[in-house]
Every structure is written in C-alpha cells, then in structure tokens.
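**Student:** only geometry, no sequence info:
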C-alpha cells in the first residue's frame, strides 16, 4: 500500500518519460500527457483500445491506456494495478471469477468476463488499486472514450 500511495503522490507531481537514472527527478507535464492521450484516441476508436508506456522503474511500469470498448476479465498474478482515471467513466467489476480463463505469460490470466463480481462506477479523478490476484474488468459505456494512467507494480 505504501508503494501505491507513493505512486499517487508521484503522479500528482509528474512522471519521467524513461527509465529513471541519476540523482534528479524528471517530469512530464500534464499538457504532454494529454497530448499523448489525444494521439492514442484514434487507435482506440479503430481497435477498441490503445496504450503507450511512459516510464519503467524496476518493479514499476507506468503507461497510458485509452479504451472505447469493454475489455475482457483479467487477473494479474504478480502485478498490482494502480489506475487514475483521466477521461470518461467505466464500470469496474472486481472479485468473482473469470469466465473461460486462459493463462498467458507472466502469470497473466485472461477471460471473456468477470462473473459474480462487485460493480462500481469510476469517473475522472478516481484512483483505483487492484491487488495482484483479484479478478477485474472494465465495462465501457457505448460512445464513451475512457482513459487512465496505469501503474503496474510487480510484487516481490
């Protein structure tokens, strides 16, 4: 949880665009993040989703995600997700079980949906923390563009 809170603080101040090295902080301005989100939108419209990495710090990867359609259910066995909603809204379904689960690389399990989970609406400014091992799914309303800054935090 301390890592997640540190990420929230770091995201509020800005994030580096590459692997952090040396003894000084690097900042990506909010206008640069928004410009990258705008660039990702056409691909999300065409394919349903798009994303781009912003930084990597050992056990932490920071990325932007844009969605125009709902995703399937997923479970990350070795990664916590920390999401900050930048645009739009979605229904987050957590808990329950994955329908038709398939295990992929890095302990990632994907399914067609999350069944019998708990649903809640998430909106701009919300911070979402999904611990490793928790089934989750984002349901995107038709006609909505949803975007978030996503930190993948590898568990020890």
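**Tutor:** Sure, I can see it. This structure is a prediction, so every number in the text was calculated from the model and none was measured.

**Student:** Look through this protein and tell me its longest helix.
**Tutor:** The longest helix of the chain (DSSP state H) is helix 30-47.

**Student:** what's in contact with that one?
**Tutor:** 14, 50-52, 54, 64, 66-68, 86-87, 145, 147, 149 (CB atoms under 8 Å, 6 or more residues apart in numbering). For the C-beta atoms, the positions are set from N, CA and C on the backbone; glycine is no exception.

**Student:** What of stretch 118-133?
**Tutor:** By CB under 8 Å, 6+ apart, the residues outside stretch 118-133 that reach it are 1, 4, 8, 75-96, 136, 139, 148, 155.

**Student:** could you flag which of those are buried?
**Tutor:** Among the contacts of stretch 118-133, the ones that count as buried by 16 or more other CB atoms under 10 Å are 4, 75-76, 79-88, 90, 92-94, 96, 136, 139, 148.

**Student:** Quick check: buried residues in the helix or strand just after the longest helix of the chain?
**Tutor:** Following helix 30-47 in sequence order, the next helix or strand is strand 49-56 (DSSP states H and E). Under the neighbour-count criterion of 16+ other CB under 10 Å, strand 49-56 has 49-51, 54-55 buried.

**Student:** what does stretch 148-156 give?
**Tutor:** 148-153.

**Student:** Adding secondary structure, distance to residue 111 and pLDDT, write the residues you listed out as CSV.
**Tutor:** Below are the buried residues of stretch 148-156 laid out as CSV (DSSP: H, G, I helix; E, B strand; the rest coil; distance: CB to CB, whole Å; pLDDT from 0 to 100):
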residue, secondary structure, distance to residue 111, pLDDT
148, strand, 21, 97
149, strand, 25, 96
150, strand, 19, 97
151, strand, 23, 96
152, strand, 19, 95
153, strand, 22, 95
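
**Student:** Contacts only, for residue 65.
**Tutor:** By CB under 8 Å, 6+ apart, residue 65 lies in contact with 49-51, 83, 147-150.
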